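>>> Take this sequence and fold it.
(chains A and B)
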Number of protein chains: 2
Amino acid sequence: MKTIFTLNDILQMEKQPRTNLINSLPGIRAANLIGTNNSSGETNLAIFNSVIHIGAHPPYMGFIMRPVTMPRGTYQNIKDTGYFTINQVNEKIYKQAHQTSARYEDSEFAATGLTPEFTSTLKAPYVKESKVKIGLRFVEEQHIKINGTILMIGEIQEIILENNYLNESNIVQLQQAEAIGVNGLETYYRVEKVAELPYAKPDGNILK
Amino acid sequence: MKTIFTLNDILQMEKQPRTNLINSLPGIRAANLIGTNNSSGETNLAIFNSVIHIGAHPPYMGFIMRPVTMPRGTYQNIKDTGYFTINQVNEKIYKQAHQTSARYEDSEFAATGLTPEFTSTLKAPYVKESKVKIGLRFVEEQHIKINGTILMIGEIQEIILENNYLNESNIVQLQQAEAIGVNGLETYYRVEKVAELPYAKPDGNILK
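As a prediction, this is how the structure comes out:
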């Protein structure tokens, strides 16, 4: 039996049920930790479900941030230092990753027991316990007019895989990396590979 | 044993291995079909892995498009009619959904055997076989300066769930909806719920 919500139904919902419904509509998304530091070297770590592919050549990735109302944190650190890291959440650390969303006074690394790790390529901290880590240089931000949400974009400087999770086509194998996905802000999922389909051509042979 | 790629390594890769690597770095993402039509009512359907949450109140969703080089298709239809639909891909239709990425002369609905469905709320076509469908009114586009990629944003007008996939908190239950995720452009995954974690507070009780 169908369930239908109109825009008016949505606008009249109470805040929490509306937030939960709308946040969970896009479906499964990767859980990623974004690591930054301020100009004094103090680290910050925050979980995001909005990391997206922006381009392959040159290699760009981005993520969506809520409007910035607090003076500190991920946004300000990226603006101050010019660098950030994206660290894939795996099954062993998803609870600690979720816990980074609490409002801590000090670094979320210390508070959650995750370990900052540095390379010579960039100053932003990686998460040692992550298995797929990407170091980026900030290149662009777009402020969305209708609600002030911000799209942050970086150019990939370095990719670190704890093991070789790539198949023969150079595609990251999420199940081997024990990658964890999230829907909305709190429901975590593991993934199970169903198929790797060939490039689609009009003769439609995968449907036959 | 670690595998490390520098920016220089990435830039020197051949095109296909580089595209595969960079596209698969963000991790699991939802597979969604975007339905549109042109001003003559001819339908178009295309698979996207870039649908994102933009805001809950008012309810906004967006998706990332590659730079527009062809005069027809999803982008032009949205600009011409002002409406589009987002249809979650499920396990029964993921091959047909993938096949919409082939270059067809006519509608991808007819070519792949998916069925257009209309409501009185908006003229854009839904996918009858999808179980979670969202109708949107186009409200904003942002053109990313560094590579011309486009972020398209719509306001939700209508949500249609084929069954009640919502839990008591109003969160869509992806496993019940048989939602399918995708990594990169071709690797499809089903999802299995691991946990629903509470709102994180600094006392960190989920870590104890």
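>>> which residues does the residue nearest to A:A124 when sequence neighbours are not counted bridge with?
Closest residue in space to A:A124, ignoring its immediate chain neighbours: A:Y83 at 4.2 Å, by C-beta to C-beta, 6 or more residues apart in numbering or on different chains. From N, CA and C alone the C-beta is placed, and that goes for glycine too. A:Y83 has the following beta-bridge partners by DSSP bridges: A:R137.
>>> could you check the distance from A:Y83 over to A:N77?
Distance of A:Y83 to A:N77, computed by C-beta to C-beta, to the nearest Å: 9 Å.
>>> what residues are shared contacts of the two?
Common contact partners of A:Y83 and A:N77 (C-beta atoms under 8 Å, 6 or more residues apart in numbering or on different chains): A:T36.
>>> Surely the residue nearest to A:A124 is in contact with A:L122?
Yes. If you go by C-beta atoms under 8 Å, A:Y83 and A:L122 touch, sitting 4.5 Å apart.
>>> Quickly list what's touching both of the two.
Among the neighbours of A:Y83, those also in contact with A:L122 (C-beta under 8 Å, 6+ apart) are A:G135, A:L136, A:R137, A:Q157.
>>> Which of those sits closest to chain B?
Distance to chain B across these (C-beta to the nearest C-beta) is lowest for A:Q157, with 5.0 Å.
>>> Would you check which pair of the shared contacts of A:Y83 and A:L122 lies furthest apart?
With distances taken as C-beta to C-beta, the most widely separated pair in the shared contacts of A:Y83 and A:L122 is A:G135 and A:R137, at 8.1 Å.
>>> higher neighbour count, the two?
Set side by side, A:G135 and A:R137 show more neighbours around A:G135, with 27 against 18, by other C-beta atoms under 10 Å in any protein chain shown.
>>> picking that back up, can I get the shared contacts of A:Y83 and A:L122 in TSV with pLDDT?
What follows is the shared contacts of A:Y83 and A:L122, written out as TSV (pLDDT from 0 to 100):
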residue	pLDDT
A:G135	98
A:L136	98
A:R137	98
A:Q157	98
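>>> The residue nearest to A:A124: what's it in contact with?
A:T36, A:L122, A:K123, A:A124, A:G135, A:L136, A:R137, A:F138, A:G154, A:Q157.
>>> what's the answer for A:P198, then?
Per C-beta under 8 Å, 6+ apart, neighbours of A:P198: A:I206, B:E186.
>>> for the record, mean pLDDT for the lengthiest helix in chain A?
Scanning chain A for the longest helix, with DSSP state H as the assignment, gives helix A:15-24. Helix A:15-24 shows an average pLDDT of 97 in the prediction.
>>> So that helix, near chain B or not?
Yes. Contact between helix A:15-24 and chain B, assessed by C-beta under 8 Å from any C-beta of the partner chain, occurs at A:K15, A:Q16, A:P17, A:R18, A:T19, A:N20, A:L21, A:I22, A:N23, A:S24.
>>> Same question for stretch A:164-182.
Yes. Counting by C-beta under 8 Å from any C-beta, contacts between stretch A:164-182 and chain B involve A:N164, A:L166, A:S169, A:N170, A:I171, A:V172, A:Q173, A:L174, A:Q175, A:A179, A:I180, A:G181.
>>> could these go into JSON lines alongside neighbour count and pLDDT?
Below are the residues of stretch A:164-182 next to chain B laid out as JSON lines (neighbours: other C-beta atoms under 10 Å in any protein chain shown; pLDDT from 0 to 100):
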{"residue": "A:N164", "neighbour count": "11", "pLDDT": "92"}
{"residue": "A:L166", "neighbour count": "19", "pLDDT": "97"}
{"residue": "A:S169", "neighbour count": "15", "pLDDT": "95"}
{"residue": "A:N170", "neighbour count": "18", "pLDDT": "96"}
{"residue": "A:I171", "neighbour count": "22", "pLDDT": "96"}
{"residue": "A:V172", "neighbour count": "26", "pLDDT": "97"}
{"residue": "A:Q173", "neighbour count": "16", "pLDDT": "97"}
{"residue": "A:L174", "neighbour count": "27", "pLDDT": "97"}
{"residue": "A:Q175", "neighbour count": "14", "pLDDT": "96"}
{"residue": "A:A179", "neighbour count": "27", "pLDDT": "97"}
{"residue": "A:I180", "neighbour count": "26", "pLDDT": "97"}
{"residue": "A:G181", "neighbour count": "29", "pLDDT": "97"}
